[in-house]
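**Q** Here is the input, now give the coordinates:
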Amino acid sequence: MFRIAIVEDDSGSRTQLREYLRRFGDEQDCVFQIDEYQDGDEIVENYLADYDILLIDIELPLLNGMSAAEEIRRRDADVEIIFVTHTTQYAIRGYRVSALDYLVKPITYEAFAEALSRAIERREVGGDRYLTLNIRGGHRRIRVQGIRYVEVQDHDLTYHTTEGDITVRGTFREAETRLSEEGFFRCNKGILVNLAYVDAIEGQNVRLGGEVIRLGNNRKRSFMDALNRYMYR
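**A** The predicted structure follows:
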């Protein structure tokens with residue numbers, strides 16, 4: 001399933017884009033979850049960085065689509081952006097937000113399908129999965145594959161990632177629930193390890209690069225079983 005947002009103030013254009021998505025889904029056997037916004041400020045206000053594709057009209061009454069895209073790109077480096085516009089005069093600014101395409105009105109289904117196919121292909125080729133974290137002042141989207149391990153201290157969760165550490169409020173149960181199907185395993189009561197980063201098990205210790213994490217009592221056998229299943233899946 002792909003999450004798609006339509007940002008368009010004209011009801012007729014929103015209906016057309018919805019119908020094009022329905023037709024494309026029927027033809028290509030794709031499932032879309034679609035949200036609709038009538039202005040750029042609506043999507044920017046509580047943007048959660050969990051969309052796959054944005055269809056954004058540039059000419060919007062309050063916050064125009066280009067300015068909305070610039071703000072979204074600061075929070076989300078990966079979403080595919082397709083602009084809907086009457087003109088391509090904004091192309092240079094579009095490069096700054098890594099826009100995938102421009103659909104010039106009136107939009108034909110053939111042009112729409114070609115742009116959407118490219119966006120979907122880029123999402124599928126990447127194959128990355130993401131986790132949205134609630135941080136102070138907003139949200140941050142991180143690659144699941146980039147999380148090395150998660151550590152709980154009091155009521156804080158620290159995500160140790162390949163790009164640095166991120167600390168948020170949360171519970172260990174919450175993290176374990178969200179990551180249990182992503183190749184993570186609990187090695188003690190406070191640390192959840194991404195099995196992809198395990199370099200060695202030495203006695204009661206798990207080595208992740210230059211870091212050593214202690215296995216909890218009676219956790220070694222179950223940890224070894226999980227690691228073997230992961231390696232030979």
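
**Q** Spit out the contact partners of F112.
**A** When contacts are counted by CB atoms under 8 Å, 6 or more residues apart in numbering, F112 touches L17, Y20, F24, L103. All C-beta atoms are positioned from the backbone trio N, CA, C, and that covers glycine.

**Q** tell me which element the first one is part of?
**A** Translated: L17. L17 belongs to helix 11-28 when assigned by DSSP states H and E.

**Q** what residues does the strand or helix carrying T158 touch?
**A** Using DSSP H and E, the element containing T158 is strand 156-161. With contacts defined as CB under 8 Å, 6+ apart, strand 156-161 is touched by 133, 142-143, 146-152, 165-172, 174-175.

**Q** Which strands and helices lie in contact with the helix holding L17?
**A** strand 2-7, strand 32-37, helix 109-126 (3 or more CB pairs under 8 Å, 6 or more residues apart in numbering; DSSP states H and E).

**Q** ranking those by burial, who's on top?
**A** A comparison of the helices and strands packed on helix 11-28 by mean neighbour count, using mean count of other CB atoms under 10 Å, puts strand 2-7 on top with a mean of 22.

**Q** Low-confidence ranges, the chain, go.
**A** Per-residue confidence for the chain (pLDDT under 70) gives these ranges: 88-96, 125-128, 231-233.

**Q** What residues does Y37 make contact with?
**A** Going by CB under 8 Å, 6+ apart, Y37 touches A5, I6, V7, E8, I43.

**Q** Now do the residue located most distally from the centre of the chain against A68, distance only.
**A** Note on the chain: the largest separation between a C-alpha and the mean C-alpha position, by CA atoms, centre = their mean, falls on G203 (36.9 Å). G203 sits 54 Å away from A68, going by CB to CB, to the nearest Å.

**Q** Based on its surroundings, how many neighbours for the residue lying closest to V144 once chain neighbours are set aside?
**A** Leaving out its chain neighbours, the residue that sits closest to V144 by CB to CB, 6 or more residues apart in numbering is R129, at 4.5 Å. Neighbour count of R129, defined by other CB atoms under 10 Å: 10.

**Q** hmm, which two among the contacts of Y37 are most spread apart?
**A** Farthest pair in the contacts of Y37 (CB to CB) is E8 and I43. Separation: 10.8 Å.

**Q** okay, now the residue found closest to L215 once you drop the neighbours it is linked to in the chain: neighbour count?
**A** Spatial nearest neighbour of L215, excluding adjacent residues (CB to CB, 6+ apart): Q204 at 4.7 Å. Q204 is flanked by 16 other residues according to other CB under 10 Å.

**Q** ok, Q204 to N218 distance?
**A** Distance from Q204 to N218, by CB to CB: 11 Å.

**Q** Give me the common contacts of these two.
**A** In contact with both Q204 and N218: no residue, using CB under 8 Å, 6+ apart.

**Q** List the contacts of stretch 197-207.
**A** Contacts for stretch 197-207 (CB under 8 Å, 6+ apart): 148-149, 187, 193, 208-209, 212-215, 220, 223-224, 227.
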